[in-house]
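[1] what shape does this take:
(chains A and B)
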Amino acid sequence: DAGVIQSPRHEVTEMGQEVTLRCKPISGHNSLFWYRQTMMRGLELLIYFNNNVPIDDSGMPEDRFSAKMPNASFSTLKIQPSEPRDSAVYFCASSLEGTGIGNTIYFGEGSWLTVV
Amino acid sequence: SQKIEQNSEALNIQEGKTATLTCNYTNYSPAYLQWYRQDPGRGPVFLLLIRENEKEKRKERLKVTFDTTLKQSLFHITASQPADSATYLCALALYNQGGKLIFGQGTELSVKP
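    Okay, here's the model as predicted:
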């Protein structure tokens, strides 16, 4: 299994530009999560989807952030316009919900975003 | 307010000793708790899960305890090795939250040879 695949791995962009991060979850997983990690705030859940439907987006910091999951094998996290304080590592993760044995979450390697 | 607290200071131990990491939480009623390992530049990797009705779970050199009265989990690595050096994160899963996990800040462990 290829695991959770994220792209790009690294992105440096100028303030005000649009940033799109992409994620391919593990095949067969029906829950997808976007997390953000910074030194100050640790790993924060931004949004999660279940069966392609957004369930909880309470962690999305503001309207500049949006996420979509058009099908079971693809999701995007978009920041428009980007700001320097958005610089962080963005992780996508997936899990197989409803197994009855606990939801182990499998993380991608992250997208390292720097906004200058 | 709801909080998950892990040792903020790095833990430095000698190879062969047992490392013990702490995860405390307040104002949560977790269904279960998980521990993850994160290496620099990588995503977190699942290690162990323990349910609210379990006291202890073991996997090879790893042991996790869960005390819902104290609202605390302890994570032990016995016979530690330099390869165990990493950041360890605890995460709570809440009832009826669809698999949503809430993570602590993590504790950095350094095992010296």
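
[2] ok, whatever residue of chain B ends up closest to chain A - contacts?
    Proximity of chain B to chain A (Cβ to the nearest Cβ) peaks at B:Gly43, 3.3 Å away. In this view, the C-beta of every residue, glycine as well, is placed from N, C-alpha and C. B:Gly43 sits next to A:4, A:91, A:93, A:107-110 when contact means Cβ atoms under 8 Å, 6 or more residues apart in numbering or on different chains.

[3] again with B:Gln14
    B:80, B:111-112.

[4] interface residues of chain B facing chain A?
    Residues of chain B found near chain A (Cβ under 8 Å from any Cβ of the partner chain) are B:32, B:34, B:41-46, B:49, B:51, B:89, B:91, B:93, B:97-106.

[5] hmm, try it at 7 Å
    Counting by Cβ under 7 Å from any Cβ of the partner chain, the positions of chain B adjacent to chain A are B:32, B:42-44, B:46, B:49, B:89, B:93, B:98-103, B:105-106.

[6] just the ones of the residues you listed in strands?
    Among those, the ones falling in strands (DSSP state E) are B:32, B:46, B:49, B:89, B:93, B:101-103.

[7] pLDDT-wise, which helix or strand of chain B ranks last?
    The weakest-scoring helix or strand in chain B, judged by mean pLDDT, DSSP states H and E, is strand B:101-103 (a mean of 87).

[8] in its sheet, what does it sit against?
    Strand B:101-103 has the following sheet partners, assigned by DSSP bridges: strand B:86-94 (antiparallel).

[9] avg pLDDT for the strand it pairs with?
    Regarding strand B:86-94, the rounded mean pLDDT is 92.
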